[in-house]
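> When you get a sec, could you give me coordinates for this:
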Amino acid sequence: MLLTNQRLDKLAATRVDFEARGMLNNSLFTVDNTGIVIPTTIPSVVDDDDDGEAVDGEVLAEVLLAKKPSMVFLQFHCCLVC
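From the prediction side, this is the model:
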């Protein structure tokens, strides 16, 4: 019983938090006269950064790949294939 009350308190606190953030203002579904749930249209997000270029601005990270394959991986891969 105590565990159930704790979970209900957490759910109530989460609802208050979501309402404060405005996450419960609009519904993704509507109900028509017959009781059928109909999904509403979600507005698409406009992505202004899709200009076809690789990266805009400075790159903060770099990935270095191996110059030759690892023998351990090749042996493991051969064991799986055979």
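> Count the residues that sit near the residue lying closest to Val31 once chain neighbours are set aside.
If the residues on either side of it in the chain are set aside, Val31 comes closest to Val37, at 5.7 Å by Cβ to Cβ, 6 or more residues apart in numbering. Every C-beta, even on glycine, is put in place using the N, C-alpha and C of the backbone. Using other Cβ atoms under 10 Å, Val37 has 10 neighbouring residues.
> what sits against Val37?
Phe29, Thr30, Val31 (Cβ atoms under 8 Å, 6 or more residues apart in numbering).
> So which bits of stretch 14-25 are buried?
Going by neighbour count (16 or more other Cβ atoms under 10 Å), nothing in stretch 14-25 comes out as buried.
> show me where pLDDT drops low in the protein?
42-57, 73-82 (pLDDT under 70).
> Which stretches in this protein count as helices?
For the chain, helices defined by DSSP state H occupy the ranges 2-21, 71-81.
> what's in contact with the longest one?
Looking back up the chat, that one is helix 2-21. Contacts for helix 2-21 (Cβ under 8 Å, 6+ apart): Leu24.
> How much space separates Asn26 from Gln6?
30 Å (Cβ to Cβ, to the nearest Å).
> ditto for Leu28
29 Å.
> same check, this time on Val63
From Val63 to Gln6 the distance is 45 Å (Cβ to Cβ).
> and what of Phe29?
When Phe29 is compared with Gln6 (using Cβ to Cβ), they lie 30 Å apart.
> can you count the residues close to Thr34?
5.
> And Leu60, by the same measure?
Leu60 - counted by other Cβ under 10 Å - has 5 other residues nearby.
> Relative to Val59, how far out is Thr41?
Counting by Cβ to Cβ, the gap from Thr41 to Val59 is 37 Å.
> likewise Leu24?
Taking Cβ to Cβ, one finds Leu24 at 39 Å from Val59.
> try Met1
Taking Cβ to Cβ, one finds Met1 at 56 Å from Val59.
> The two: who's more crowded?
Using other Cβ under 10 Å, the more surrounded residue of Met1 and Val59 is Val59, with 8 against 5.
> give the contact list for the more buried one.
Val59 touches nothing, counting by Cβ under 8 Å, 6+ apart.
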